[in-house]
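Q: the following block contains a protein sequence and its predicted model.
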Amino acid sequence: MPSQQSLLLSEHYGKPDFAKLEGYKKHGGYAVLAKALKMEPKAIIDEVKSSGLRGRGGAGFPTGMKWSFLPANGEPRYLLCNADEGEPGTFKDRLMMERAPHQLIEGMIISAFAIGCKKSYIYIRGEYDFAKEVVAGAIVEAYKAGLLGKNILGSGFDHDMDVYSGAGAYICGEETGMISSLEGLKGQPKLKPPFPAVQGYLRKPTIVNNVETLAAVKYIIRDGAPAYKKYGTEKSPGTKLFSVSGNVVKPGNYEVVLGMPLKDLIFDLCGGLKPGRKLKAVIPGGSSAPVLTAEEAMKATMDYECLAQMGSMLGSGAIIVIDDSNSMVDLLQVIMHFYHHESCGQCTPCREGTGWLSKILHDIASGHAEVKDIDLVKKISEQMMGKTICALSDAAAMAAISFVTKFRSEFEQHLQAGKRTLGSSAHA
Amino acid sequence: MSLVKRPTASAEWFLPGILAGMWFTLRKMVFNIFHQSKMETLNYPEQKYEYGPRFKGNHVLTVKKDGSIRCTACMLCATNCPAQCIKITAAESTDPTVEKYPIAYEIDVLRCVFCGFCEEACPVDAIRMGPEWQTAALNGSKFTYDIQQLAYRPQLKGGIVSVLDDHERHGAGI
Amino acid sequence: MPKIKINGNEVEVPQGSTIIQAFKATGVEICHYCWHPGLSVAGVCRLCMVQIEGMPKLQIACNTEVKEGMVINNTSDVVKETVRWGLDFHLINHPLDCPICDQAGECGLQDQYMKFGQYDPEMAENKVKKHKVVDLGPTVVLDSERCILCSRCVRFTDEVSKTNELGIFNRGDRCEIGTVAGKPLANNYSLNTVDICPVGALTSKDFRFRQRVWYLKEADSICPGCSTGCNVKVNYNEEGLWRIRPRENKEVNGHWMCDVGRDSYKFVNLKNRLVAGKVGQRGSWQEVTATDAARSAGLKLRETVAQHGPDSVALVVTGQYTNEEYHRLFTFFTVNLESNNIFHWMNNPETTKDFDGLLFRGDRNPNTKGVVDALGSFALKAKWEDLQSQLSSRKIKVVVVAGPENQAVFPDMTEKITFFAQAESMIWLTAGQSEALNQTGAETWQIPLKTYIEKSGSFTNVQGKVQTFKVGTTIVAQAFTLSEVVELFSGQELNWNLRPHSLGGVKTNYSIANRGAL
């Protein structure tokens, strides 16, 4: 497989005028929308289904299938674009919204047309001020050009779009949490069932898709499903934006086909590690994804199946590269502090468990713990897994378990070293 | 053979036993007159015996450093009391760090069996049983000990300060 | 009716019920906090975990509907382990100040930890500090540290009282229940939040620190606060009544009752009661036993009828007595005394029809419908105006008044007493003490009556439901029911063997009394 970028979504990121409607139209913008509006909505859904597009937000659920869950009862339905990109290490959606907002809007109008929805919202993360500005500006442009509003491009299809934002809570990136926030409630996930596709925003059928997913719909319709399937592997077709961060020479957003070896991505595209450093671990899909050791990372290919097989996940595609200059103990402490801070406080195991883990890891990091506390971290994490409404607790637990099992010796060494330096006075 | 030992004829003569007892008493009396310091008994009430601090005598309510009563009016002592002699009336405290406190704490010492269960039950070391043991009084009403008597009686010299300290307790996250 | 299997036993449950409802209906134990039958499902405590055959993960019983053929299990090791840890998670930031917590003894966390908990907690970190003694409103105090964030109270104010005062603020383990500044928890149903709080986070200002719950006994009764007739549980001990809480009855009050009704224990307690008979006038009273008072009053009544005919006596009743008492009293008047002068004293005719949409009604008598029905069945049609004219024309010599036991809801007490005192003599049957009687010139017999908790009988509520209740306890041993008074009026004797004893003696610790020998 070639170790190079396959530019589809990020093809025109470098062109400053691409963020404006004029520049976007220069590069064939909204031509696909015109094409899609002439198609049958059912045909679009089928096209997306057959392309095998999987949700790019983290869970990797097939998009076409999600759309087909909508009940055909004529109720008003909503399309929500999840642009609450809160996963630590992820910055792919921000770049797209800042540099190619029309690409997202076009993809959304096509998707909305496919599922027969008259109103959609883009829920942008609270901290993304510039992205909010750009997307809101792009929507105004689109309204002026008749691409939104009544009778889009003379097709008889009406669609309205709006931008909303929360106050910057990680949990609002969870689809039902986002719906709660959008409804004006406290941003807390809701019980499932009922699923959003049946009863979501304002208790109406709702589809929530990630920014990248919705933008990819445009390219599926433009090139057709077979052409799209040429990218990537059989079960994970298409391209994917990876946000590479950490100890690499050239961190940034990279669009590559799914199934590319992680090794190529790090060492070829990103320029490898800094001289003299050794790869220690890689988190392949944002902080919630279980960490991979250096050996595992060398073998991994970046697709849903391979990573699932390795006990990790592709997640949002945030690759965090860790070299030997970093302490895994400190890293896990920071991750746990994040989850403790971001737990919405609804379900007990998560509310209390993340706090507990964070406190224990603080103790471990400062050397005030014993080896049995490492086992306790694992025990607590196991009890947090799969016991809550949303996946935040699972995410925290999976990260903790993978760190303490794969790097247990480092934790033990840290504790012993801490004992030596702290001496007996620290325990008094 | 009968297993019951019947008194023999010689045992029906009680005089030797009586004389032996009298001799013992007389001997001790003479001994005590000349060796008063080695005497096994006390001349109560001129002399009083000092029991060790672990003796379960009269109740003491401990106080905090500022002299206020430590009891939180949880009523565990009253609940646990087998003689049902403790009567507590709780009230809300004006101090924000104290939730409730007893406005009345009465022990009916005539009912009390000095079992020490109250001391055992107390979660905050608020009631102890001290080495004082004289409960005699002239008036029936004196047998109901109130807070004044339990915590601030003159013998306690301003009250016994409990070793538990609130700041330490809060610092330990309790 | 789907058939399901719970822990190996096949049971049939109604269609559409959730697993937890099936558990409750079949009496199988299940640990839970946030679920409440009267509220929506929150699914946040994560304790009602069950294993369902064919599902990979454990499911919460409160949000899973039963389906035909489901095989459910909550006794497997996985479930037990999960519940144990779930309880431990609840206790991580719970202060464990049970000794000074008012909920101790009836606390969901205590009970369930004893039943399902792990007894070997591994938490050694410091607990999160939150606000203590937060004044939420005129009736409720919050201790945030004890709160386990089950959100029952929040859901109650959202869904039942629909006043939305409470909310959960902040997030994670810093979450706290609270109110918005300037909007205190001040509705007529606020104390229900205290009832449904599974821990001691919400406490009632009225009951807080007054009694430990293991010193209390419980009796079922009917709330006499208004014509709704909520089913209640009354907590009492040797010192008197302490609180009233709602008892579930889907047809009348659901799971709730109003704050006003909760005050209806106060007039029952000894210091507000008439404890013996009193005879005299203008405040100079001669204390006699209740029996003597009733006997002499009865004699006076019969003599008056013999001298001046049946129309010289009158009976005034309020809507606060039982159907049985009305029947006995009306029979005595209409048959024995042959008088049809029976009048119904309405305390607040202008607000009688008021209703707040949930439970509380403007008619503050428990048995108005009962008295109206009884008057109808005896074909009594005397009007209040007749009483007025007959009193002012001195035609009525003796007026018998079955006054209100709950005097607080009779704002016209003083005015009416002066009005009745126009007669030569007044026989005043009541449970409470009335200051206004000291001012009147009529020769008065005060005869102590029992309150609702001290007698058996039935009330007919506004829906026409006849609700029976039994004796809970006795506060005033001398007091009579109206039926007993009638026995004495008519010169008969009571069965003294059946007379109750008064309250008193040493307060019993029921937790020890019930657990048997040490």
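A: Here it is on my side, so go on. No experiment lies behind these values; they were computed from the predicted model shown. Numbering: from 1, shown residues only, chains lettered A, B, ... in the order given.

Q: where do the strands sit along the stretch 1-150 of chain A?
A: Taking DSSP state E, counting those that start in this stretch as the test, the strands found in the stretch 1-150 of chain A are A:78-83, A:119-124.

Q: make JSON lines out of those and add mean neighbour count, distance to chain C and mean pLDDT.
A: Every residue, glycine included, has its C-beta placed from N, CA and C. Shown next, in JSON lines, are the strands of the stretch 1-150 of chain A (neighbours: other Cβ atoms under 10 Å in any protein chain shown; distance: least, Cβ to the nearest Cβ, whole Å; pLDDT from 0 to 100):
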{"stretch": "strand A:78-83", "mean neighbour count": "27", "distance to chain C": "19", "mean pLDDT": "95"}
{"stretch": "strand A:119-124", "mean neighbour count": "24", "distance to chain C": "18", "mean pLDDT": "96"}
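
Q: and those strands: which comes nearest C:Lys80?
A: Nearest of the strands of the stretch 1-150 of chain A to C:Lys80, taken as Cβ to Cβ: strand A:78-83 at 37.7 Å.

Q: got the angle for the closest one vs strand A:119-124?
A: Here the directions of strand A:78-83 and strand A:119-124 differ by 20 degrees (axes from the mean of the first three to the mean of the last three Cα atoms, to 10 degrees).

Q: how about residues contacting the longest strand along chain B?
A: In terms of residue count, the longest strand belonging to chain B (DSSP state E) is strand B:100-108. Here strand B:100-108 makes contact (Cβ atoms under 8 Å, 6 or more residues apart in numbering or on different chains) with B:59, B:61, B:68-69, B:71-73, B:85-93, B:143-147, B:150, C:100, C:209.

Q: please name the nearest non-neighbouring residue to the spatially most central residue of chain B.
A: Centroid-nearest residue in chain B, with Cα atoms, centre = their mean: B:Gly57, separated by 1.2 Å. Using Cβ to Cβ, 6 or more residues apart in numbering or on different chains and skipping residues adjacent in sequence, the residue nearest B:Gly57 is B:Trp133, 4.0 Å away.

Q: wait, that neighbour touches B:Tyr51, no?
A: Yes - counting by Cβ atoms under 8 Å, B:Trp133 does reach B:Tyr51; the two are 6.4 Å apart.

Q: what do those two both touch?
A: Common neighbours of B:Trp133 and B:Tyr51 (Cβ under 8 Å, 6+ apart) are B:Gly57.

Q: list the contacts for the residue lying closest to A:Asp17 once chain neighbours are set aside?
A: Using Cβ to Cβ, 6+ apart and skipping the chain neighbours, the partner closest in space to A:Asp17 is A:Gly23 (2.8 Å). Residues in contact with A:Gly23, defined by Cβ under 8 Å, 6+ apart, are A:15-17.

Q: got the contact list for C:Asp135?
A: C:Asp135 is in contact with C:141-142, C:184, counting by Cβ under 8 Å, 6+ apart.

Q: again but with C:Gly362, I slipped
A: When contacts are counted by Cβ under 8 Å, 6+ apart, C:Gly362 is found next to C:226, C:348, C:351-355.

Q: who wins for most neighbours among the residues you listed?
A: Highest neighbour count within the contacts of C:Gly362, by other Cβ atoms under 10 Å in any protein chain shown: C:Cys226, with 27 neighbours.

Q: measure that one to C:Thr322 for me?
A: According to Cβ to Cβ, to the nearest Å, C:Cys226 stands 16 Å off from C:Thr322.

Q: now swap in A:Cys347 and tell me
A: In terms of Cβ to Cβ, A:Cys347 sits 49 Å off from C:Thr322.

Q: so between these two, which is more surrounded?
A: Ranked by neighbour count (other Cβ under 10 Å), A:Cys347 and C:Thr322 place A:Cys347 first, with 29 against 24.

Q: how about the longest helix seen in chain C: buried residues?
A: Determined from DSSP state H, the single longest helix within chain C is helix C:290-308. Within helix C:290-308, the residues scored as buried using 16 or more other Cβ atoms under 10 Å in any protein chain shown are C:290-298, C:300-302, C:304-305.

Q: and C:Trp242, that's in a strand?
A: Yes - with DSSP: H, G, I helix; E, B strand; the rest coil as the criterion, C:Trp242 is part of a strand.

Q: my guess is it contacts C:Arg212, does it?
A: No - here C:Trp242 does not reach C:Arg212: they are 10.5 Å apart, not a contact under Cβ under 8 Å.

Q: quick one: contacts for the residue of the stretch 151-300 of chain C at minimum distance from chain B?
A: Residue nearest to chain B within the stretch 151-300 of chain C (Cβ to the nearest Cβ): C:Phe209, separated by 4.3 Å. By Cβ under 8 Å, 6+ apart, the contact list for C:Phe209 reads B:73, B:90-92, B:100, C:102.

Q: look up how far C:Gly200 lies from it.
A: 11 Å.

Q: now for the two: what residues contact both?
A: Shared contacts of C:Phe209 and C:Gly200 (Cβ under 8 Å, 6+ apart): C:Asp102.
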